[in-house]
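[1] after the sequence you'll find the predicted model.
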Amino acid sequence: MSHTSKVQQFTAKNTAGILLCLAIAIPAWFLGKAVPVVGGPVFSILIGMIVTLFLKKKDSFKGGITFVSKKVLQCAVVLLGFGLNLTVILQTGKQSLPIIIGTISTALILAVILKRAFRIPDKTATLIGVGSSICGGSAIAAAAPVIGADDEEVAQSISVIFFFNVLAALIFPAFGTFLGFSTTSGEAFGIFAGTAVNDTSSVTATAATWDSLYHLGTATLDKAVTVKLTRTLAIIPITLGLAFLQARKSKTSENSFSFKKIFPMFILYFTLASVVTTIVSATGISTDIFTPLKTLSKFFIVLAMAAIGLNTNIIKLIRTGAKPLLLGFCCWVGITGVSLLLQHMMHLW
């Protein structure tokens with residue numbers, strides 16, 4: 001088949017679905033800007049779930065919706081790498097590294113133990129554990145294709161993560177004051193926000209509130225975002241580990257295992273994007289040149305969430321939501337507790 005005919009076939013199959021996702025994602029993007037504590041991805045997934053209730057004939061849209069929910073989602077993760085300067089992260093993030101490792105381990109262990117106790121499907125529990133421990137929607141976006149999660153499982157996990165993100169953004173500043181965090185330095189609360197809140201938008205909202213309350217400029221926000229970006233690097237080992245476990249589960253014979261088959265190539269590209277950003281920064285060029293790519297990454301996640309919403313039955317999601325929500329709560333409390341405990345042991349507050 002010629003290149004032209006392949007393009008024509010792709011266009012015929014996917015255009016309608018891609019345009020529908022864009023029609024949802026664009027207003028969701030601006031709503032997310034207006035209400036950052038909720039964020040564009042959540043608005044997008046909610047609008048998608050509502051639209052699909054009224055969409056009687058979906059056949060012409062299916063190809064494009066599938067393309068967006070799979071390929072565009074992976075592309076968003078790759079572009080996320082252009083926001084990671086490894087040198088800066090390793091220099092300023094090493095102080096918080098024990099806390100990051102502790103909180104990630106806590107969430108993953110709780111997800112493994114409690115999924116049996118609560119009888120939650122493996123993939124949903126894995127996504128909630130990964131989303132809680134690393135960086136919310138971005139981590140779920142990276143893990144979902146690796147473990148073969150369907151769109152309803154992704155939607156369930158995103159919904160759980162969103163709920164506790166909003167709670168954190170609303171109550172953590174008051175909670176930090178109650179615990180006696182320093183109000184003259186943003187360092188301690190910045191580390192707390194960066195390790196105990198999941199999604200970047202909610203980390204930003206939480207830290208910015210603390211800065212605003214105690215007139216600290218952007219000190220807390222700068223610290224929180226750096227810690228959050230350090231957490232984002234955990235996408236690489238966690239995703240590779242999940243790929244390895246998935247391959248072990250699906251192995252049909254002793255000699256069928258192939259690391260090449262299970263390796264998620266988009267994670268390699270994500271890593272390469274981070275390396276490119278680091279090299280460019282080291283040569284003295286401002287990493288601001290990557291700002292459009294970072295913005296595109298965020299928009300692609302909003303776009304992909306529209307597709308996932310369109311593939312999700314909101315009624316079924318609500319009906320089956322109690323147990324995943326309980327798992328998310330346990331992970332959230334566990335992460336918060338471990339973050340506070342380790343900071344106290346390290347004399348950070």
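    Thanks, I have the structure now.
[2] return the residues in contact with residue 143.
    Residue 143 makes contact with 126, 127, 130, 131, 149, 238, 239, 242, according to C-beta atoms under 8 Å, 6 or more residues apart in numbering. Using the backbone N, CA and C atoms, a C-beta is placed for each residue, glycine as well.
[3] measure the last one to residue 278 for me?
    Same thing as residue 242. To residue 278, residue 242 is 25 Å away according to C-beta to C-beta, to the nearest Å.
[4] one more: the first one?
    The gap separating residue 126 from residue 278 is 30 Å, by C-beta to C-beta.
[5] show me where this protein dips below the pLDDT cut-off.
    Scanning the chain for pLDDT under 70 picks out 1-3, 92, 250-262.
[6] give me the nearest residue to residue 304, chain neighbours excluded.
    residue 73 (3.9 Å; C-beta to C-beta, 6 or more residues apart in numbering).
[7] so what's the residue count around the nearest residue to residue 81 once chain neighbours are set aside?
    Spatial nearest neighbour of residue 81, excluding adjacent residues (C-beta to C-beta, 6+ apart): residue 273 at 2.8 Å. Residue 273 has 21 neighbours, counted by other C-beta atoms under 10 Å.
[8] could you measure from residue 273 over to residue 216?
    Counting by C-beta to C-beta, the gap from residue 273 to residue 216 is 32 Å.
[9] quick revisit: list the contacts of the residue nearest to residue 81.
    By C-beta under 8 Å, 6+ apart, the contact set of residue 273 is 78, 79, 80, 81, 82, 84.
[10] ok now the strand or helix carrying it, how far from the chain's centre?
    When elements are assigned from DSSP states H and E, residue 273 belongs to helix 265-282. Its chain's C-alpha centre and that of helix 265-282 lie 18 Å apart, by C-alpha atoms, centre = their mean, to the nearest Å.
[11] what residues sit buried inside the helix or strand just after it?
    Later in the chain than helix 265-282, the nearest helix or strand by DSSP H and E is helix 291-310. Across helix 291-310, burial judged by 16 or more other C-beta atoms under 10 Å covers 293-294, 296-310.
[12] sec struct for residue 56, please.
    Classification of residue 56 by DSSP: H, G, I helix; E, B strand; the rest coil places it in coil.
[13] check residue 36 too.
    Residue 36 falls in the coil class when you classify it by three-state DSSP.
[14] what sits against it?
    Counting by C-beta under 8 Å, 6+ apart, residue 36 makes contact with 201, 204, 205.
[15] how close does residue 126 sit to residue 163?
    For residue 126 relative to residue 163 (C-beta to C-beta), the value is 18 Å.
[16] between residue 126 and residue 278, which is the more surrounded one?
    residue 126 (27 against 18).
[17] from residue 142, how far out is that one?
    In terms of C-beta to C-beta, residue 126 sits 12 Å off from residue 142.
[18] and for residue 31?
    24 Å.
[19] between those two, which has more neighbouring residues?
    Neighbour totals were compared for residue 31 and residue 142, and residue 142 leads with 29 against 18 (other C-beta under 10 Å).
[20] measure the more buried one to residue 115 for me?
    Separation of residue 142 from residue 115 (C-beta to C-beta): 20 Å.
[21] list the contacts for residue 348?
    Neighbour list for residue 348: 187, 188, 191 [criterion: C-beta under 8 Å, 6+ apart].
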